[in-house]
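Chemist: need a structure here:
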Amino acid sequence: MSTSDQSVQTQVAGLFLLARSFLDGRLPWLANQQRYPDTTHAKPVAPLLAAIGIRWAGLAQQEHEQLDPGLCVLSGLPQGATWSALRQSWMQAAAADHAQFQANFLTILAGQRLVGGDVLTIHQVPVAGQQALVAGVLGGQVWPLGGCFDNEHEATALLNRWSNAWAAVIGTPPTFMMDQTLAARVTAAGAGLDAALSPYIRAVDPSTVDLEAVDPFDADADSASYVETDRELRAALARLDSGQLGLPAADLTIGLSAISLLRLWARWLRQFAASSPAYLLDNFVLRPGRVRQLEQRIVVEIPPQTLDIVLEMVDYLTPLERLPWLNNSTIEFMFRDDTL
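Modeler: Residues are numbered from 1 along each chain as shown. Presented below is the predicted three-dimensional model:
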């Protein structure tokens, strides 16, 4: 960090409020340990944080366009960094690298008690023109695992891997709850599903579920929870749709990680902890402002919003000290109406 004072106007000043989630999720440590997503980058965590920040902010980037200066400060990228260079960094990561990062991040999320239990919901979603499977916690609003596939063999390979990863972290293999059409495909003869997993496949017919009529004590309560979880996933991904790199496996991992980090962050907000990503971003986070870089200090000036009182009540606005990806600088917050 330069010792001279520097000030930049930014459309994403509010994203600095989410910096604590990087610490809670141990992203600097994970990225540096794995050298993810770019083994050649001097600071691997920087392109990871920048890509997540772009998705949070919903920034539609153009080739060769410079990234928002505030985003560069937050992520640790140099001023003037471009979207093309960021995309190039992510092109270095293979499918196996994304899978390894997800498995490592799953361990952190389990340690934070954000994931657990014996049921994983499986959802089929489109990503940048490809099909993907996503695995999440039933009713937990977090989906830590995802992968693209072209055929049933690749889909079952994902399930086999996720069962092993979940058992390694949680202690027991999960039951997979999924749409009955998908269940029929992955359990078909020759699809490649590990025979030991067949008893752990639970099929759901969403067309028979009436969310308004299901009693929580009925046998269909889990099916209703699955349908609701599927809706929440699709809404979350739709909210974070802008800013994708056009790299399906990377975009999926970035999007799911962005959701998980929001869930980690939301736990600070007490009665708002279960709010949707769209609500959290629109009512707490997204706002322009000014970022001043001082010696070992980053002062973020943002306009006040109605729900800032919640942040103050939970003492969230205290300075964040010695942030490892920002040369051990401290982030401080100031509310000002004249930031622009």
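
Chemist: let me see the ranges of the strands in this structure.
Modeler: Along the chain, counting by DSSP state E, strands occupy 6-10, 119-127, 130-137, 145-149, 175-179, 201-204, 289-294, 297-302, 320-323, 329-335.

Chemist: roughly how far is the fifth one from the heart of the chain?
Modeler: Chain-centre distance of strand 175-179: 22 Å, with Cα atoms, centre = their mean, to the nearest Å.

Chemist: could you list the paired strands of it along with their orientation?
Modeler: strand 119-127 (parallel), strand 201-204 (parallel) (DSSP bridges).

Chemist: report the buried residues of the first one.
Modeler: When neighbours are counted by 16 or more other Cβ atoms under 10 Å, the buried residues of strand 119-127 are found to be Val119, Leu120, Thr121, Ile122, His123, Gln124, Val125, Val127. In short, each C-beta sits where N, CA and C put it, glycine included.

Chemist: what's that strand in contact with?
Modeler: Identification of contacts with strand 119-127 by Cβ atoms under 8 Å, 6 or more residues apart in numbering yields 131-138, 143, 145, 148, 159, 162, 166, 174-179, 182, 202, 222, 226, 229-230, 233-234, 237, 248, 251-252, 255.

Chemist: narrow those residues to those that are buried.
Modeler: Members of the contacts of strand 119-127 classed as buried by 16+ other Cβ under 10 Å are 132-138, 143, 145, 148, 159, 162, 166, 174-179, 182, 202, 222, 226, 229-230, 233, 237, 248, 251-252, 255.

Chemist: what distance do you get for Ala236 to Gln88?
Modeler: 27 Å (Cβ to Cβ, to the nearest Å).

Chemist: those two: who's more crowded?
Modeler: Shown here are Ala236 and Gln88; by other Cβ atoms under 10 Å, Ala236 has more neighbours (23 against 15).

Chemist: quick check: the more buried one touching Ser257?
Modeler: No - between Ala236 and Ser257 there is no contact under Cβ atoms under 8 Å: 11.9 Å.

Chemist: show the residue spans covered by the helices in the stretch 201-340 of the chain.
Modeler: 221-239, 248-266, 277-280, 308-313 (DSSP state H, counting those that start in this stretch).

Chemist: okay, now the unreliable bits of this structure?
Modeler: 1-5, 63, 210-220, 339-340 (pLDDT under 70).

Chemist: as a quick check, tell me the outermost residue of it.
Modeler: Ala189 (34.6 Å; Cα atoms, centre = their mean).

Chemist: so which bits of stretch 108-121 are buried?
Modeler: Ile108, Leu109, Ala110, Leu114, Val115, Val119, Leu120, Thr121.

Chemist: and of the residues you listed, the nearest to Leu280?
Modeler: Leu114 (14.9 Å; Cβ to Cβ).

Chemist: so the closest one versus Leu264, what's the distance?
Modeler: According to Cβ to Cβ, Leu114 stands 6 Å off from Leu264.

Chemist: then Gln180?
Modeler: Distance from Gln180 to Leu264, by Cβ to Cβ: 33 Å.

Chemist: show me which of those two is the more surrounded one.
Modeler: Taking other Cβ under 10 Å, Gln180 and Leu264 do not tie; Leu264 has more neighbours (21 against 14).

Chemist: residues contacting that one?
Modeler: Contacts of Leu264 (Cβ under 8 Å, 6+ apart): Ser21, Asp24, Gly25, Leu109, Gln112, Leu114.

Chemist: I'd assumed Gly255 was in contact with Leu237.
Modeler: Yes - counting by Cβ under 8 Å, Leu237 does reach Gly255; the two are 5.8 Å apart.

Chemist: quick one on the thing from earlier: could you dump the buried residues of stretch 108-121 to TSV with distance to Ala50?
Modeler: What follows is the buried residues of stretch 108-121, written out as TSV (distance: Cβ to Cβ, whole Å):
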residue	distance to Ala50
Ile108	20
Leu109	21
Ala110	26
Leu114	23
Val115	25
Val119	34
Leu120	30
Thr121	30
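
Chemist: among those, which one sits closest to Ala81?
Modeler: Nearest member of the buried residues of stretch 108-121 to Ala81, counting by Cβ to Cβ, is Ile108, at 26.6 Å.

Chemist: so who does that closest one touch?
Modeler: Gly25, Arg26, Leu30.

Chemist: give me the subset of those residues that lies in helices.
Modeler: Under the assignment DSSP state H, the contacts of Ile108 contribute Leu30 to helices.

Chemist: show me what contacts Ala93?
Modeler: Counted by Cβ under 8 Å, 6+ apart, Ala93 has contacts Tyr36, Pro37, Asp38, Ala249, Ala250.

Chemist: apply 7 Å and report the result again.
Modeler: Neighbour list for Ala93: Tyr36, Pro37, Ala250 [criterion: Cβ atoms under 7 Å, 6 or more residues apart in numbering].

Chemist: next, give phi and psi for it.
Modeler: The phi and psi values for Ala93, taken as degrees, to the nearest 10, are phi -90, psi 130.

Chemist: which one is Tyr36 nearest to, not counting chain neighbours?
Modeler: Phe101 (5.0 Å; Cβ to Cβ, 6 or more residues apart in numbering).
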